[in-house]
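[1] Show me how the following folds:
(chains A and B)
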Amino acid sequence: MSNDKALPVELSDIERNRRAFRKSKQRKSTLVALVSTVVFAVVAWLTLVNSPGWDRVQQSFFDPNAFSASLPLVLDGLLLNLRVLFFSAIGVLVFGLLLALLRTLRSPIFTPIRLLVRGYVDLFRGLPLIIVLYLVGFGVPGLRLDFLGRIPAEVLGTIALVLTYSAYVAEVFRAGIEAVHPSQRLAARSLGLTYAQSMRLVVLPQALRKVAPPLMNDFVSLQKDVGLISVLGAVDAVRAAQIQVAHFANFTPYVVAGLLFVLLAIPTVRLADYFTTRLAKREQAGGVL
Amino acid sequence: MSLDLGPMILNVRNLKKEFEDKSVLKGIDLEVYRGQIVALIGSSGSGKSTLLRCINLLEEISDGQIFLNDEDISDPKVNQDLIRRQIGLVFQAYNLFAHLSILENITLALKHVQGLDTETAKAKALSLLERIGLAEKADSYPDKLSGGQQQRTAIMRAVALEPKLLLLDEVTSALDPELVGEVLELIRDLKAGGTSILMATHELTFARDVADWVVFLDGGVIIEEGPAKEFFTNPQNPRTIEFLTRLRRRAGDA
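    Numbering: from 1, shown residues only, chains lettered A, B, ... in the order given. Below is the predicted model of the structure:
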């Protein structure tokens, strides 16, 4: 605690006692957390290893040979996931922001556009991603637009991800834009800035700061949903694992893919936490609750 | 009017403003001449803020006309952004941009409205901050400043664009009493520099000493108006008298 940093002044007895009490309380709660975690882990582990099918599960999910054999192939597939992630993240940010901007247009002239965007957001927030993947992945090639050539499955998958995630991200952006106090917009307009300028120079910079944590959250979610493009036949980490599963007649490659996705998510999750705490700290200005 | 008048900057004719079924301004006639300070007084809800916002085209008016230098700015065909560039507005709650330093608050419109390059805009903003003694705080963010400092910055942000008319909407009402003085001092300075000002205010002493013309607004109509000295020493309308007594008594309590 920052309070414990030595103040140059001498402490009163009351403050010394208070600090001693706080410290002992803290020690107690650390101890409780530690003990309960250990107890829970031990119980869970014992239940697992004593269950009647444990040996078989161990063989078919945690086979070291299958693990090392499938790792390079699954890693290869993960590179495709990363490429898809990169392009869909950019697509989602751009398209989501565009949707949010259209939806926050004020003038009554734009009512049809606002309604259209609302319909879009309702539709794609309601549709399960996997169905969007099927519709785009098999529907678009089914149109036989020859001038497009043969579109690779990962591109179609990226399109489906962008369509779905943009609907969510548009709502996040919109919440951020609306959370900027109207007086800021008023001040900008009173200086003679146009609607677009006030949006770009005053409202959006403040809105983006507010929505950084929920955006990171959606990014984490996107990070694992890129694995779903495997249903279209793109050979990504999940699909590569699937092939290896069939090859070894062993589920270990799935565990490999799962681990890789988790490893991928950890830095983003930490970053999201960091953003959230920083924002919370700034907004509550030193309070303890 | 029996004053020595320059050219008319603002001319409001029979301005009406209705919100849904509520009539807030019921036909206002008002003039501001160059270099004048016109003080709008009246209790909260009398329509002072609405009037200022109508003049700055932040509210669509229901009827009447507003002329700025003889141009009818209430004509829907005018480019409203161009008009707002010529009229500065300062708010009761300062409304400084929270994500920008106070220097950037001033340079934003200089760069993006007036098209100055970054260096020129910065130099101009710094000289304005210098004038209000905040040059060292140029890189501070608004929430690190006192209310008085924020409000003086907000006034400079509006003044930086050299508006033909400056509208001040109860700029001292949100301030601690000991900070009111520094803001009023700045307004006095601006008048000395020739700025034309229309201000809604509760500072009667200031209005009497600095304003050229005082307008008393009540229930959306102008009850009484006149040159500041006359208005305060010899009010005619009983409602004016009642309002002034009430406000003075409260000031006496404080």
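[2] Angles on the backbone of B:Thr201, please.
    With angles defined as degrees, to the nearest 10, B:Thr201 sits at phi -150, psi 160.
[3] With chain A as the reference, measure out to it.
    18 Å (C-beta to the nearest C-beta, to the nearest Å). C-beta here means a position set from N, CA and C on the backbone, and glycine is covered the same way.
[4] which ones are touching that residue?
    Contacts for B:Thr201 were tallied using C-beta atoms under 8 Å, 6 or more residues apart in numbering or on different chains; they are B:39-41, B:168, B:170-172, B:207.
[5] Show me those residues that map onto strands.
    Judged by DSSP state E, strands contain the following of the contacts of B:Thr201: B:39-41, B:168.
[6] Considering these, which possesses the most neighbours?
    Using other C-beta atoms under 10 Å in any protein chain shown as the neighbour criterion, B:Leu40 leads the ones in strands among the contacts of B:Thr201 with 29 neighbours.
[7] can I assume that one is in contact with B:Ser49?
    No. With contact defined as C-beta atoms under 8 Å, B:Leu40 does not reach B:Ser49; the gap is 9.3 Å.
[8] Just give the nearest non-adjacent residue to B:Gly27, would you?
    Once flanking residues are discounted, B:Gly27 sits nearest to B:Asn14: 5.0 Å by C-beta to C-beta, 6 or more residues apart in numbering or on different chains.
[9] Correct me if wrong, but the one you found is in a strand.
    Yes. Applying DSSP: H, G, I helix; E, B strand; the rest coil, one finds B:Asn14 inside a strand.
[10] Quick one: residues contacting it.
    Contacts of B:Asn14 by C-beta under 8 Å, 6+ apart are B:27-29, B:63-65.
[11] Most neighbours of all those residues, which one?
    In terms of neighbours by other C-beta under 10 Å, those top out with B:Ile28 at 25 neighbours.
[12] okay if I get the contacts of B:Thr201 as a markdown table plus distance to A:Phe138?
    Shown next, in a markdown table, are these (distance: C-beta to C-beta, whole Å):
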| residue | distance to A:Phe138 |
| --- | --- |
| B:Ala39 | 72 |
| B:Leu40 | 68 |
| B:Ile41 | 72 |
| B:Leu168 | 65 |
| B:Glu170 | 64 |
| B:Val171 | 64 |
| B:Thr172 | 68 |
| B:Ala207 | 75 |
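[13] Give the residues shared as contacts by B:Leu40 and B:Ser49.
    Common contact partners of B:Leu40 and B:Ser49 (C-beta under 8 Å, 6+ apart): B:Ala200.
[14] near chain A, which residues of the stretch 101-250 of chain B show up?
    For the stretch 101-250 of chain B, the residues in contact with chain A (C-beta under 8 Å from any C-beta of the partner chain) are B:108-109, B:112-113, B:154, B:157-158, B:161.
[15] would you turn these into JSON lines with neighbour count and secondary structure?
    Converted to JSON lines, these look like this (neighbours: other C-beta atoms under 10 Å in any protein chain shown; DSSP: H, G, I helix; E, B strand; the rest coil):
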{"residue": "B:Leu108", "neighbour count": "23", "secondary structure": "helix"}
{"residue": "B:Ala109", "neighbour count": "25", "secondary structure": "helix"}
{"residue": "B:His112", "neighbour count": "19", "secondary structure": "helix"}
{"residue": "B:Val113", "neighbour count": "20", "secondary structure": "coil"}
{"residue": "B:Ala154", "neighbour count": "27", "secondary structure": "helix"}
{"residue": "B:Arg157", "neighbour count": "27", "secondary structure": "helix"}
{"residue": "B:Ala158", "neighbour count": "24", "secondary structure": "helix"}
{"residue": "B:Leu161", "neighbour count": "20", "secondary structure": "coil"}
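[16] Can I get the residues you listed in TSV including pLDDT?
    Listed next are these as TSV, based on pLDDT from 0 to 100:
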residue	pLDDT
B:Leu108	96
B:Ala109	95
B:His112	96
B:Val113	94
B:Ala154	95
B:Arg157	96
B:Ala158	95
B:Leu161	94
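[17] Looking at these, which is nearest B:Pro227?
    B:Ala158 (26.2 Å; C-beta to C-beta).
[18] per-residue confidence for A:Gly286?
    Looking at A:Gly286, its pLDDT is 46.
[19] same deal with A:Arg278?
    78.
[20] Roughly how far does it sit from A:Ala272?
    Counting by C-beta to C-beta, to the nearest Å, the gap from A:Arg278 to A:Ala272 is 11 Å.
[21] quick one on the thing from earlier: Serialize the contacts of B:Asn14 to CSV and add fields for distance to A:Ile159 and secondary structure.
    Listed next are these as CSV, based on distance: C-beta to C-beta, whole Å; DSSP: H, G, I helix; E, B strand; the rest coil:
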residue, distance to A:Ile159, secondary structure
B:Gly27, 59, strand
B:Ile28, 57, strand
B:Asp29, 61, strand
B:Asp63, 53, strand
B:Gly64, 54, strand
B:Gln65, 54, strand
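[22] In this structure A:Gly77 contacts A:Ala240, no?
    Yes. The criterion here is C-beta under 8 Å, and A:Gly77 meets it with A:Ala240 at 3.4 Å.
[23] Neighbour count: the two, which is higher?
    A:Gly77 (27 against 24).
[24] which residues of the chain fall in helices?
    Let's take chain A. Remark: helices assigned in chain A by DSSP state H are A:13-50, A:54-61, A:64-103, A:111-126, A:129-142, A:153-179, A:182-190, A:195-198, A:204-225, A:237-248, A:252-284.
[25] My question was about chain B, not that one.
    Counting by DSSP H, the helices of chain B are B:48-55, B:80-84, B:102-112, B:118-131, B:147-159, B:177-192, B:204-210, B:228-233, B:238-253.
[26] which residue does the stretch 51-200 of chain B bring closest to chain A?
    B:Arg85 (3.2 Å; C-beta to the nearest C-beta).
[27] contacting residues around that residue?
    With the criterion set at C-beta under 8 Å, 6+ apart, B:Arg85 makes contact with A:191-192, B:113-114, B:161, B:163.
[28] same deal with A:Ala153?
    Shown in contact with A:Ala153 (C-beta under 8 Å, 6+ apart): A:137, A:229, A:232-234.
[29] Could you export the contacts of B:Asn14 as a markdown table, including pLDDT?
    Below are those laid out as a markdown table (pLDDT from 0 to 100):
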| residue | pLDDT |
| --- | --- |
| B:Gly27 | 94 |
| B:Ile28 | 95 |
| B:Asp29 | 95 |
| B:Asp63 | 95 |
| B:Gly64 | 95 |
| B:Gln65 | 95 |
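[30] And those residues, which two are furthest apart?
    Between all members of the contacts of B:Asn14, the farthest pair (by C-beta to C-beta) comes out as B:Asp29 and B:Asp63, at 12.6 Å.
[31] for the residue lying farthest from the centre of chain B, what are its contacts?
    Most distant residue from the mean C-alpha position of chain B: B:Glu119, 29.0 Å away (C-alpha atoms, centre = their mean). For B:Glu119, the contact set (C-beta under 8 Å, 6+ apart) is empty.
[32] how close does it get to A:Ala240?
    For B:Glu119, the distance to A:Ala240 equals 56 Å [C-beta to C-beta].
[33] What of A:Leu11?
    Taken as C-beta to C-beta, the span from A:Leu11 to A:Ala240 is 62 Å.
[34] repeat for B:Glu230
    Using C-beta to C-beta, we find B:Glu230 at a distance of 90 Å from A:Ala240.
[35] what does B:Ser101 give?
    51 Å.
[36] low-scoring pLDDT stretches of chain A, where are they?
    A:1-8, A:281-289 (pLDDT under 70).
[37] most centrally placed residue in it?
    Ranked by distance to the mean C-alpha position of chain A (C-alpha atoms, centre = their mean), the top residue is A:Val220 at 2.1 Å.
[38] Check the gap between it and A:Leu208 for me.
    Taking C-beta to C-beta, one finds A:Val220 at 18 Å from A:Leu208.
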